[in-house]
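> coords please:
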Amino acid sequence: MHWKLWIASLTICLIGMPRGNAQDFALHEGDRVAFYGDSITAQRLYTRFMEDFVLTRYPQMHVSFWNAGIPGDTVYGGYTGDVPTRLKRDLFPHQPTVVTIMLGMNDGYYMAFNPKYLEIYTDGYRKLLAAIPDGAASARVTLISPTPYEEVTHGTEFAHYNEVISHHAAFVKTLAASSHFSFADFNQIETDLIHAGEGRNPSLAKLLVPDRIHPGEASHWVMAAALACAWGMSPIVSSVRLDAAQRKAVSIENAQIGDVDTKNGKIMWTQTDNALPLPLPLDDAMIQFVLGVSGLEAMDQQMLRVDGLTAARYTLKIDEHTVVSLTRERWKAGVNLALYSTPMESQAKGVDGIELKRTRLDEAHFILSIEDPNVAEEADATRAMELKDAALQAEQRKESRPTPHRFELSPE
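Below is the predicted model:
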């Protein structure tokens with residue numbers, strides 16, 4: 001699929017999406033989200049980025065997250081226990097109100113397609129779903145199709161294994177539709193991303209899924225965007241249109257504007273957005289590559305449009321920080337500030353920096369209490385980590401609150 005069609009496929013779910021509020025977002029105040037899955041979930045990447053989405057887009061909303069991904073798991077469980085053990089230990093104690101499930105990569109046993117194993121997978125998947133209400137009766141379930149086994153950019157270790165994964169993904173999609181579960185199609189999104197990347201730059205495309213199984217970090221941003229989109233998250237950070245000639249805001253969405261003034265050809269104003277842009281590592285080559293061949297930008301819209309400019313070119317400063325120099329035609333057409341280094345982007349990176357610390361604590365908690373539960377004084381250690389995580393979470397919520405900024409657009 002051509003990359004522009006890929007963007008369209010992601011943007012389709014933006015039609016009718018809430019604009020700048022959380023009223024129709026699938027997550028609600030006080031929700032507890034559990035991500036259940038295998039090693040791709042245990043990478044703690046799309047799950048971390050999904051938390052970043054919520055923290056930056058809806059900073060007033062309190063939602064907690066739990067990662068229940070375990071390497072090697074299947075729909076029947078794995079090396080840390082079978083499904084009944086997993087649910088009682090890893091899911092039910094957290095009383096989740098939302099559960100996502102992404103399983104299937106390991107369920108074909110890395111062999112050629114065999115209908116027998118597909119039947120085993122589908123049977124186990126249904127049994128897993130049937131068991132969740134036993135301890136989380138009110139949980140809203142989101143099914144996620146397994147990401148592809150990557151045989152496009154650098155050959156294959158297990159020939160035609162992606163055919164197996166495609167069958168698994170098709171089953172999950174059909175099951176979600178027939179059972180009225182919400183659904184995020186990671187398989188299609190990642191498949192299209194790989195093909196679009198291969199068409200643009202084969203060398204960089206190899207890094208999208210470097211070991212054929214586990215998507216790279218930039219790919220996980222696309223996966224998180226797909227889940228955010230499936231959940232009906234607003235793509236709007238903020239959207240502001242100003243008229244320099246009239247010295248006023250023409251339209252404002254998810255922001256507050258004040259003190260609009262002009263002087264010596266400059267237009268100045270104070271702006272407070274209700275959200276922050278995503279903490280994308282914009283100086284990372286893979287992120288720039290993914291932004292160029294995906295619809296990720298469509299879920300991170302911090303738009304500024306300015307009419308009535310007279311000079312050929314203008315430079316934007318925010319809090320005296322030079323952001324970008326563009327022609328007046330570009331400013332009139334609209335500029336997505338989420339793609340530039342701004343004080344708001346820096347603040348969002350601070351939120352993600354705390355999230356990264358929490359992710360590391362979560363992984364250490366898994367090693368102590370699940371992978372190796374016989375460690376001496378395990379209870380004291382895990383309690384200390386839980387207290388530290390609570391402190392980090394409080395710090396994170398404080399860091400995610402948007403603040404006012406002074407904008408200045410100056411002619412060159």
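> where does Lys357 fall, helix, sheet strand or coil?
helix (DSSP: H, G, I helix; E, B strand; the rest coil).
> any idea how far it is from Leu368?
17 Å (C-beta to C-beta, to the nearest Å). From N, CA and C alone the C-beta is placed, and that goes for glycine too.
> and if you look at Arg89?
Taking C-beta to C-beta, one finds Arg89 at 13 Å from Leu368.
> Looking at the two now, which is surrounded by more residues?
Leu368 (18 against 15; other C-beta atoms under 10 Å).
> and the more buried one, that's in a helix?
Yes. When classified by three-state DSSP, Leu368 is found to be part of a helix.
> what sits against it?
375, 378, 381-382, 385 (C-beta atoms under 8 Å, 6 or more residues apart in numbering).
> Next secondary structure after the helix or strand bottoming out on mean pLDDT in the chain?
Least confident helix or strand, the chain: helix 3-11 with a mean of 45, by mean pLDDT, DSSP states H and E. Note on helix 3-11: by DSSP states H and E, the next helix or strand toward the C-terminus is strand 32-37.
> Mind listing residues that contact the very next helix or strand once past that following strand?
The first helix or strand that comes after strand 32-37 along the chain, using DSSP H and E, is helix 39-42. Helix 39-42 is contacted from outside by 35, 46-47, 67-73, 102, 105, 146-147, 213-215, 366, using C-beta under 8 Å, 6+ apart.
> Low-confidence ranges, the stretch 301-412 of the chain, go.
375-376 (pLDDT under 70).
> and with 50 instead?
Scanning the stretch 301-412 of the chain for pLDDT under 50 picks out nothing.
> residue boundaries of the strands in it?
Taking DSSP state E, counting those that start in this stretch, the strands of the stretch 301-412 of the chain run over residues 301-307, 313-318, 321-327, 335-336, 405-411.
> Neighbouring strands - and their directions - for the last one?
Taking DSSP bridges as the criterion, strand 405-411 pairs within the sheet with strand 266-273 (antiparallel), strand 313-318 (antiparallel).
> Distance to Phe171 added to those, as CSV?
Shown next, in CSV, are the strands paired with strand 405-411 (distance: least, C-beta to C-beta, whole Å):
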stretch, distance to Phe171
strand 266-273, 42
strand 313-318, 48
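> what helix or strand is the most centrally placed residue in the chain on?
Centroid check for the chain by C-alpha atoms, centre = their mean gives Ala224 as the closest residue, at 2.4 Å. Using DSSP H and E, Ala224 sits in helix 217-230.
> could I get that helix in CSV with only the CA atoms?
Only the C-alpha atoms of helix 217-230 are listed here, as CSV (Å, rounded to 0.1, in the frame of the first residue of the first chain):
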residue,chain,number,x,y,z
GLU,A,217,10.5,2.0,19.4
ALA,A,218,9.4,4.2,16.5
SER,A,219,7.0,1.5,15.3
HIS,A,220,5.5,1.3,18.8
TRP,A,221,4.5,5.0,18.5
VAL,A,222,2.4,4.1,15.5
MET,A,223,0.9,1.2,17.4
ALA,A,224,0.0,3.5,20.3
ALA,A,225,-1.5,6.0,17.9
ALA,A,226,-3.6,3.2,16.4
LEU,A,227,-4.9,2.3,19.9
ALA,A,228,-5.6,5.9,20.8
CYS,A,229,-7.5,6.3,17.5
ALA,A,230,-9.5,3.1,18.1
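> Now do it: distance to the chain's middle.
4 Å (C-alpha atoms, centre = their mean, to the nearest Å).
> What's the first helix or strand after it?
strand 236-243.
> what lines up beside that following strand in the sheet?
Strand 236-243 is paired, per DSSP bridges, with strand 248-253 (antiparallel), strand 301-307 (parallel).
> This structure - how does it break down into domains?
Per automatic domain parsing, the domain ranges recorded for the chain read 3-230, 235-412.
> In terms of mean pLDDT, which of the ones you listed ranks lowest?
Among these, domain 3-230 carries the lowest mean pLDDT, a mean of 92.
> Could you say which of the domains of the chain is packed most deeply?
domain 3-230 (a mean of 19; mean count of other C-beta atoms under 10 Å).
> related to what we said a few turns ago, so which of the contacts of helix 39-42 belong to strands?
Within those, residues falling in strands by DSSP state E are 35, 67-69, 102.
> In CSV: those residues, plus distance to Ile257.
Below are the ones in strands among the contacts of helix 39-42 laid out as CSV (distance: C-beta to C-beta, whole Å):
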residue, distance to Ile257
Phe35, 38
Asn67, 39
Ala68, 43
Gly69, 42
Met102, 41
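> which two of those residues lie the greatest distance from each other?
The distance between the two most remote of those (C-beta to C-beta) is 11.6 Å, for Asn67 and Met102.
> what's the overlap in contacts for those two?
In contact with both Asn67 and Met102: 35, 41, using C-beta under 8 Å, 6+ apart.
> what separates Arg406 from Leu304, distance-wise?
In terms of C-beta to C-beta, Arg406 sits 14 Å off from Leu304.
> got it, and Leu280?
18 Å.
> looking at the strands paired with strand 236-243, which is closest to Met286?
Short answer: strand 301-307, nearest of the strands paired with strand 236-243 by C-beta to C-beta, at 21.5 Å.
> which outside residues touch that closest one?
By C-beta under 8 Å, 6+ apart, strand 301-307 touches 235-245, 250, 267, 273, 277, 314, 316, 328, 331-338, 344, 409.
> what separates the closest residue to Arg313 other than its chain neighbours from Pro71, distance-wise?
Excluding its sequence neighbours, the residue lying closest to Arg313 (C-beta to C-beta, 6 or more residues apart in numbering) is Glu412, at 4.6 Å. The spacing between Glu412 and Pro71, counted by C-beta to C-beta, is 54 Å.
> again with Ala169
Taking C-beta to C-beta, one finds Ala169 at 20 Å from Pro71.
> now Leu118
22 Å.
> Then His195?
27 Å.
> for Tyr125, same thing?
19 Å.
> same question, Asn274
39 Å.
> so who does the closest residue to Ser138 other than its chain neighbours touch?
Nearest in space to Ser138, with sequence neighbours left out and distances taken as C-beta to C-beta, 6+ apart, is Thr97 at 6.3 Å. The contact partners of Thr97, by C-beta under 8 Å, 6+ apart, come to 28, 30-33, 136, 138-140.
> ok, so of the residues you listed, who is nearest Ala394?
Gly30 (16.0 Å).
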